[in-house]
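Visitor: Kindly generate the corresponding structure for this input.
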Amino acid sequence: MKRNVYLRTTLMIAESVATRSPKGSMRPSRLVSLCLIALGLAALAGCNAASSHTAYLSLPQSNAVAAFRINNGSAKFTSIVGSPYFTGTSPGPLVVNPSKTFLYVANRIDDTISRFKIDSSVGSLTEVAPRVSTGLTPADMVMNSAGTFLFVVNQISSNISVYSIAAASGALTQVSGSPFSTAPNPVTLAVTPSGKFLYVVDSDLALVFGYTISASGTLQPIPKSPFAVGNGPLAIAIDPGEQFIYVVNSSDGTVTIDSINSSTGVLTPVVGSPFAAGTTPIALSVSPNRQYLYIANQGSSDITGYTMNLTTGFPTLITGSPFAGGTSPALIVSDPNGNFVYTVSQSSSIITVLSVTAGTGVLGATSESASTSVAAVSMFVTK
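Guide: Next up, the predicted model:
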């Protein structure tokens, strides 16, 4: 509808110019050319809005956030005008709210959260002051699917900050009782799609701590929590169907898969867990259709791919796995449409684009890639 309005406005302007201009002041061919250019730009704008995603990456060495448009069909990355955008000191985890109106970035040295207003037409960022305080060294940050609460795990102060989010302004306010204590040295966390449960990974203790989330955002430990995982757990992901939880164990080279009790949040290992990954697995991603699990192995510079049994949780290696995944991949993100997987190398600052074969989950090399000025430590791709 917006595109049609734009086109009609362009034609009205052209008619007005032709009517008001003195005879001979503008050649008809030039006017037609200008109209065609305007129409072309309008069509391009409409195409970009409908056929691309936006990606944001935090760049701690530059104290900035990089922004790209990703074409849905080709996965070509195009830098957004004005990128990178400056934030606090050593930005790390970042997240975009469901309506794609605000981006939040946790600054790990400042112990703050920056809030950016997102331009809906191009994806550019404008910071909205003031920044909000967190605990010491915010290590990871997630938002519930409703966009009403933001959860931040603070590594040095060993607690979880919980904020309510104002719908219109995006402003953050700590909920009653926040921050909530957790085990020493928490490194990452995840929230279930329903917003009922929160899980925090402790890398030193090889444990996952579970919490129920109340309607007001307060946290209470889940019965039988914490739950054992492998050694050196560094990343966690939750099945979009909320049946399973996945934790990569960097020291063991494995992935722990647990089923989630939908009523209590209690975790139970699936038969055969943990399962083999590559050398030094460090990140993981679940495909939007829930069928595939991809694990980035930093030590072996490849990606382990599994097809998931959504009844038992048992994984089966995808034919051809492991797949080449760029040099020492440290991040892995699935395309919201399920057509591509993106890996990010901290050593080369390169974003590698891999295609996903429908029906098999096989990953293939593409000719597309992108780079950032310095190494990125977090990546968020909007739906």
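Visitor: In this protein, which residue is most central in space?
Guide: Nearest to the geometric centre of the chain sits Phe380, at 2.6 Å (C-alpha atoms, centre = their mean).
Visitor: Look up which residues are beta-bridged to that one.
Guide: Beta bridges link Phe380 to Tyr56 when assigned by DSSP bridges.
Visitor: Do I have it right that it meets Pro91?
Guide: No - in this structure, Phe380 is not within contact of Pro91 by C-beta atoms under 8 Å, at 11.9 Å. Quick note: C-beta positions are derived from backbone N, CA and C, even for glycine.
Visitor: Now the common contact residues for those two.
Guide: By C-beta atoms under 8 Å, 6 or more residues apart in numbering, Phe380 and Pro91 have no common neighbours.
Visitor: Could you check the pLDDT of Phe323?
Guide: Listed pLDDT for Phe323 reads 98.
Visitor: I'd like the distance between it and Leu354.
Guide: 7 Å (C-beta to C-beta, to the nearest Å).
Visitor: So which of the two has more stuff around it?
Guide: Ranked by neighbour count (other C-beta atoms under 10 Å), Phe323 and Leu354 place Leu354 first, with 24 against 19.
Visitor: List the residues that contact Asn144.
Guide: So, once contact is read as C-beta under 8 Å, 6+ apart, Asn144 ends up touching 151, 191, 195, 213.
Visitor: tell me the SS of the residue nearest to Asn107 when sequence neighbours are not counted?
Guide: Excluding the flanking residues, the one nearest Asn107 by C-beta to C-beta, 6 or more residues apart in numbering is Gly88, at 3.0 Å. Secondary structure assignment for Gly88 (DSSP: H, G, I helix; E, B strand; the rest coil): coil.
Visitor: OK, contacts around Gly88?
Guide: By C-beta under 8 Å, 6+ apart, the neighbours of Gly88 are 63, 105, 107, 109-110, 112, 114, 131.
Visitor: beta partners for Ile351?
Guide: Residues in a beta bridge with Ile351, per DSSP bridges, are Val344, Ala370.
Visitor: how far away is Val247 from Thr218?
Guide: Here Val247 is placed at a distance of 25 Å from Thr218 (C-beta to C-beta).
Visitor: Which one's more surrounded, those two?
Guide: Val247 (29 against 15).
Visitor: Okay, now the sheet partners of the host helix or strand of the more buried one, with direction.
Guide: Element membership for Val247 (DSSP states H and E) is strand 244-249. Using DSSP bridges, strand 244-249 pairs in its sheet with strand 233-238 (antiparallel), strand 254-260 (antiparallel).
Visitor: Average pLDDT for that strand, rounded please.
Guide: Computed over strand 244-249, the average pLDDT equals 98.
Visitor: Can you show me the strands along the stretch 251-383 of the chain?
Guide: 254-260, 267-269, 275-276, 281-286, 292-297, 302-308, 315-317, 323-324, 329-334, 340-345, 350-356, 363-371, 378-381 (DSSP state E, counting those that start in this stretch).
Visitor: now for those strands, which one comes closest to Gly230?
Guide: Proximity to Gly230 (C-beta to C-beta) singles out strand 254-260 among these, at 5.0 Å.
Visitor: what mean pLDDT would you report for that closest one?
Guide: Computed over strand 254-260, the mean pLDDT rounds to 98.
Visitor: Specify the angle between it and strand 281-286 in degrees.
Guide: 40 degrees (axes from the mean of the first three to the mean of the last three C-alpha atoms, to 10 degrees).
Visitor: How far away from the center of its chain is strand 254-260?
Guide: How far strand 254-260 lies from its chain's middle: 21 Å, per C-alpha atoms, centre = their mean, to the nearest Å.
Visitor: outside of it, which residues touch it?
Guide: By C-beta under 8 Å, 6+ apart, the residues outside strand 254-260 that reach it are 192, 197, 208, 227, 229-230, 233, 238-239, 242-249, 266-270, 273-277, 281, 284, 293, 295, 304, 313, 315.
Visitor: Please pick the buried ones from those.
Guide: Buried by 16 or more other C-beta atoms under 10 Å: 192, 197, 208, 227, 229-230, 233, 238-239, 243-249, 266-267, 270, 273-275, 277, 281, 284, 293, 295, 304, 313, 315, out of the contacts of strand 254-260.
Visitor: So which residues of the stretch 151-300 of the chain form helices?
Guide: In the stretch 151-300 of the chain, no helices are found when defined by DSSP state H, counting those that start in this stretch.
Visitor: Pass me the low-pLDDT residue ranges in it, would you?
Guide: Along the stretch 151-300 of the chain, no part satisfies pLDDT under 70.
Visitor: The contacts of Gly88 in strands, which ones?
Guide: Taking DSSP state E, the ones among the contacts of Gly88 that sit in strands are 105, 107, 112, 114, 131.
Visitor: now, among those, which is nearest to Ala376?
Guide: Taking the ones in strands among the contacts of Gly88 together and measuring to Ala376 by C-beta to C-beta, the closest member is Val105, at 12.1 Å.
Visitor: top of the ones in strands among the contacts of Gly88 by neighbour count?
Guide: Val105 (29 neighbours).
Visitor: Distance of that one relative to Ile257?
Guide: Plainly put, Val105 is 31 Å away from Ile257 if you go by C-beta to C-beta.
Visitor: give me the number of residues near Ala215?
Guide: Using other C-beta under 10 Å, the number of residues around Ala215 comes to 7.
Visitor: on that earlier part again, Lys76: which of the strands paired with strand 244-249 is closest?
Guide: Nearest of those (C-beta to C-beta): strand 233-238, 26.4 Å.
Visitor: got the contact list for Pro98?
Guide: Contacts for Pro98 (C-beta under 8 Å, 6+ apart) come out as 143, 145-147.
Visitor: Over to Lys76?
Guide: Neighbour list for Lys76: 70, 368 [criterion: C-beta under 8 Å, 6+ apart].
Visitor: And it, what's its pLDDT?
Guide: pLDDT, read off for Lys76, is 97.
Visitor: Any figure for the gap between it and Val266?
Guide: Lys76 sits 44 Å away from Val266, going by C-beta to C-beta.
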